[in-house]
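Q: With the sequence up front, the predicted model follows.
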Amino acid sequence: IHTHLSEWQREDTKPLLNSGFLCSDVVLAHCIWLSTADIDALANTHVNVAHNPKSNMKSGSGVAPIWEMMNRKINICIGTDGPLMMHKFDLWEDVRTSLLLQRVIHKDARIIDAGTALRMATINGAKALGMSATIGSLEKGKKADIILINANKIHFTTLISRGKHSNLVSSLVHATTGCDVETVMIDGEVIMEDGKFKKLDIKNLQAKVKRSAERILGEL
């Protein structure tokens, strides 16, 4: 069950927090203007929070206190929000932004490390959807949801993938963009390979979207 909470400062959080509606089956987007009491109340419900850092920055609505929520063991995952707010969807950018914003706010580079940010985008998201037993990590018995990233690009030059000085996770979080993803496998089926979709006609799809947009604008 998905809904929004406290995206704007003017919103009253009490009706939802006191409704008895919140539980582990609920995902709350945004959760920006929460008091300490609000965070405590959320923690007691085992609810999940979808953090949308780039969308919140674009709208000027604020920055969610995800570090404080993490300290209360609330499950935080990453969202991109919808096309009404964002011009493009790149989950890697939101992962990176979620980490950097908290470090700026708290003036501490140790607040959230790259591994925590990566978990928010993977296993935490699966947990929020009640699907952590089948997706969200590479483990025996889970679905083969895999992406392959091309690290032979100039912004990965400093990547150290092995040994005690490995910066693999940090490089993934701080350097990767969606354009670096070359192959996508969903439940063992290859959907995209070498940067090309296997079952989607992208040009045709773009043309259909443009025609729809022109029709909607004409009706307005």
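A: Good, I have the coordinates. Keep in mind it's a predicted model, so treat the numbers as computed, not measured. Numbers count the residues shown, from 1 in each chain.
Q: Please tell me how far the residue most central in space within the chain sits from Ala126.
A: Centroid-nearest residue in the chain, with Cα atoms, centre = their mean: Ile78, separated by 2.2 Å. Computed as Cβ to Cβ, to the nearest Å, the Ile78 to Ala126 distance reads 12 Å. Heads up, the C-betas are built off the backbone N, CA and C, glycines and all.
Q: was I right about the residue nearest to the centre of the chain contacting Ala121?
A: Yes: counting by Cβ atoms under 8 Å, Ile78 sits close enough to Ala121 to count as a contact (4.6 Å).
Q: which residues are in contact with both of the two?
A: Leu91, Asp94, Val95 (Cβ atoms under 8 Å, 6 or more residues apart in numbering).
Q: tell me which element Gly62 is part of?
A: Using DSSP states H and E, Gly62 maps to neither a helix nor a strand.
Q: Can you give me the neighbour number for it?
A: By other Cβ atoms under 10 Å, 15 other residues sit near Gly62.
Q: Distance check, it against Asp40.
A: Using Cβ to Cβ, we find Gly62 at a distance of 20 Å from Asp40.
Q: likewise Pro83?
A: According to Cβ to Cβ, Pro83 and Asp40 sit 34 Å apart.
Q: quick one, helices of this structure?
A: Under the criterion DSSP state H, the chain carries helices at the ranges 14-17, 36-45, 53-59, 66-71, 91-106, 114-121, 123-128, 168-175, 202-219.
Q: Using CSV, write down the CA coordinates of the last one.
A: By that I understand helix 202-219. Extracted in CSV, the C-alpha atoms of helix 202-219 (Å, rounded to 0.1, in the frame of the first residue of the first chain):
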residue,chain,number,x,y,z
ILE,A,202,12.1,2.5,-28.4
LYS,A,203,11.7,4.8,-31.4
ASN,A,204,8.1,3.6,-31.9
LEU,A,205,7.4,4.0,-28.2
GLN,A,206,8.8,7.6,-28.2
ALA,A,207,6.7,8.5,-31.2
LYS,A,208,3.6,7.2,-29.4
VAL,A,209,4.4,9.2,-26.3
LYS,A,210,4.9,12.3,-28.4
ARG,A,211,1.6,11.9,-30.1
SER,A,212,-0.2,11.4,-26.8
ALA,A,213,1.4,14.5,-25.4
GLU,A,214,0.4,16.6,-28.4
ARG,A,215,-3.2,15.3,-28.1
ILE,A,216,-3.3,16.1,-24.3
LEU,A,217,-1.9,19.5,-24.9
GLY,A,218,-4.4,20.1,-27.6
GLU,A,219,-7.3,19.1,-25.3
